[in-house]
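1. Provided below are the primary sequence and the corresponding predicted coordinates.
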Amino acid sequence: MLAVKVRRETPAAAILSSLRKICLSLPNAHETMASGHPTFRVNERIFAVFEEYRGELTLAVQVGKPRQRVFLEDSRFIRTPYLGQHGWVSLRLSRSAETAADWEEIASLIRGSYSMVASRKR
């Protein structure tokens, strides 16, 4: 009898897999690594970053400076390190991974960030 090893996917790998499906379905989107983080770009501009920050998995997206304050009133969001001054927020995914992530909300955040970035002229 042959023993079969069952490899359990880590929460981070499962989340990244779902993020890839959403991000890479957008026109001209591609994935790169930047500072060790999976980064999604369009027209060489970043529209989403998956990273671990202070022990929590997060998704960084651009929401714009005028809307940033509204997002930061929700405890699930933090100001994105290094990019926050440019209107970026990070959604804490660790908590969502333990329960059920709201993938419709996540897809909406990604599409919104993508639209802001893709529409900019070089």
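-> Good, I have the coordinates.

2. I'd assumed Arg20 was in a strand, is it?
-> No. Arg20 is assigned helix when assessed by DSSP: H, G, I helix; E, B strand; the rest coil, not a strand.

3. On the three-state scheme, the nearest residue to it once chain neighbours are set aside is what?
-> Distance criterion C-beta to C-beta, 6 or more residues apart in numbering; nearest residue to Arg20, sequence neighbours excluded, is Glu31 at 6.7 Å. Where C-beta positions appear, they are placed from N, C-alpha and C, glycine not excepted. Put simply, Glu31 is strand when judged by three-state DSSP.

4. now this structure, which segments are flagged as low pLDDT?
-> Along the chain, segments meeting pLDDT under 70 span 1-8, 94-100, 121-122.

5. which residue ranges form the strands in it?
-> Shown for the chain, the strands assigned by DSSP state E span residues 30-34, 37-42, 45-53, 56-62, 77-79, 88-92.

6. Next, format the ones you listed as a markdown table and append distance to Ile15 and mean neighbour count.
-> Output for those, formatted as a markdown table (distance: least, C-beta to C-beta, whole Å; neighbours: other C-beta atoms under 10 Å):
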| stretch | distance to Ile15 | mean neighbour count |
| --- | --- | --- |
| strand 30-34 | 14 | 11 |
| strand 37-42 | 10 | 20 |
| strand 45-53 | 7 | 19 |
| strand 56-62 | 6 | 24 |
| strand 77-79 | 16 | 19 |
| strand 88-92 | 11 | 23 |
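
7. which secondary structure elements does the helix ranked longest in the chain contact?
-> Longest helix of the chain, by residue count under DSSP state H: helix 103-118. When contacts are defined as 3 or more C-beta pairs under 8 Å, 6 or more residues apart in numbering; DSSP states H and E, helix 103-118 packs onto helix 11-23, strand 37-42, strand 45-53, strand 56-62.

8. I am finished for the moment; much appreciated.
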